[in-house]
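>>> From the sequence below, what's the structure:
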Amino acid sequence: MNYKKNNPIDIVITWVDGSDNFLIKKRKKYLKSNLNYIPPGAQPTRFSSLNEINYCLISILKFASFVRKIFIVTDEQTPSIHEIVKKYYPKRISDIEIIDHKHIFRDYEDFLPTFNSICISNMLWRIEGLSDHFVYFNDDVFITRKILPEVWFKKARPVLRGNWVFPPFERLIWDKFRINYHKLRFGKNKEKTPSFQINQWNAAQLLKFKFRYLKSSHTPLAIDKKVLENYFTNNKKILKENLKFRFRNYKQYNTVALANHLEYKTGNKNLSKSQAVYMRPYNRGEKYITRKFKQCEKNQNNLFICIQSLDLATQKEQQLIFKKLNSLLDIQIN
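I've put the predicted structure just below:
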């Protein structure tokens, strides 16, 4: 079957270059006047880039050749991807499109600029020309072996990657205790640190899930565009409430979690494990890195790898990771 033509699947990658001076100045403008305090959702590592997007792109083109188009969503920036794609997949250059935040936030310009990946993901369904079936990537996620469209969509519905778990009551109680303790000791409020887990639970609660929720991990996540479009069109107040945070916030709901729970409520039972290896190399050493890549190599069920906060690793560790990715993808970058 020609998936590009009959059942197109697109990829959307969110990307930012945190070293861009223009972006840094823009970001500082919206931080509190006391620049000695950086709110949890504005930590520099959230915006760093070591050109991981080149590896992300090549992994998609190499291992998921059925993908029709790749949209890269940025804030007045352009990633340096042309040369590497031209070198290895010259026929696919025209299938890659850069999308600016202004495009997806049209009619919602009051919420720009945003430095919040949750807000950006809220609006991805508004990309003009995006297929009904798309997969949301961060640029630190890579495909590790050849996959089929059924990895992401079965019977015309998204595969929901995650595990059903109990609500994170312990985390909620602990966070509340820490905030109250800080207020008692220092006499002022402290902002709660944004949590991937809590943001997912917030989405489940929004849809009246009470005793469990589908917790996803750092892996490519399949979405039906129409599901988000219908929900946000009919719940504009809920959308705007989430968009008001320029930096990631504890109170927000995760977009993919919202989509997953909407899918489940309407009968989608395409459940799957994440099939991803998660790596955070900071302070872990070279043996840790080698072990993680071996997990990808030896276990055929591991289809993806997420390498988070690579900027915090040592230069030696970074070079080892790039060497491993070059070998995996049979390319030479850096």
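>>> for the protein, what's the longest helix?
helix 169-186 (DSSP state H).
>>> Which strands and helices lie in contact with it?
helix 196-206 (3 or more C-beta pairs under 8 Å, 6 or more residues apart in numbering; DSSP states H and E). C-betas here are computed from N, CA, C, even on glycine.
>>> Run through who's touching the helix it packs on.
Helix 196-206 has contacts (C-beta atoms under 8 Å, 6 or more residues apart in numbering) with 118, 167-168, 171-172, 175, 213-216, 238, 248, 250-255, 257-258, 261.
>>> what about that helix, distance to the chain center?
Centroid separation for helix 196-206 versus its chain: 15 Å, with C-alpha atoms, centre = their mean, to the nearest Å.
>>> what's the model's confidence in stretch 199-216, averaged?
The average pLDDT for stretch 199-216 rounds to 96.
>>> Quick check: end-to-end length of that stretch?
11 Å (C-alpha to C-alpha, to the nearest Å).
>>> same thing with stretch 119-131?
20 Å.
>>> Then stretch 112-126?
End-to-end distance of stretch 112-126 (C-alpha to C-alpha): 15 Å.
>>> Give the rounded mean pLDDT of it.
What stretch 112-126 shows for mean pLDDT is 96.
>>> Flag every buried residue along that stretch.
Residues 113-126 are the ones in stretch 112-126 that count as buried (16 or more other C-beta atoms under 10 Å).
>>> So which of those residues is the closest to residue 286?
Among the buried residues of stretch 112-126, residue 117 lies closest to residue 286 (C-beta to C-beta), at 29.3 Å.
>>> Identify those among the contacts of helix 196-206 that sit within strands.
213-215 (DSSP state E).
>>> Specify which member of the buried residues of stretch 112-126 is nearest to residue 18.
Of those, the one sitting nearest to residue 18 (C-beta to C-beta) turns out to be residue 115, at 9.4 Å.
>>> you'd agree the closest one is up against residue 30?
Yes: Residue 115 is within contact range of residue 30, at 7.2 Å (criterion: C-beta atoms under 8 Å).
>>> hey, what's in contact with both of the two?
246-247.
>>> show me where pLDDT drops low in this structure?
1-5, 32-49, 181-183, 185, 187-188, 334 (pLDDT under 70).
>>> Could you rerun that using 90?
For the chain, the stretches with pLDDT under 90 are 1-7, 17-51, 169-194, 283, 285, 309, 311, 332-334.
>>> so what's the spatially most central residue of the chain closest to, chain neighbours aside?
By C-alpha atoms, centre = their mean, the chain has its centre lying nearest to residue 138, at 3.8 Å. With sequence-adjacent residues excluded and distances taken as C-beta to C-beta, 6 or more residues apart in numbering, residue 138 is closest to residue 14, at 6.2 Å.
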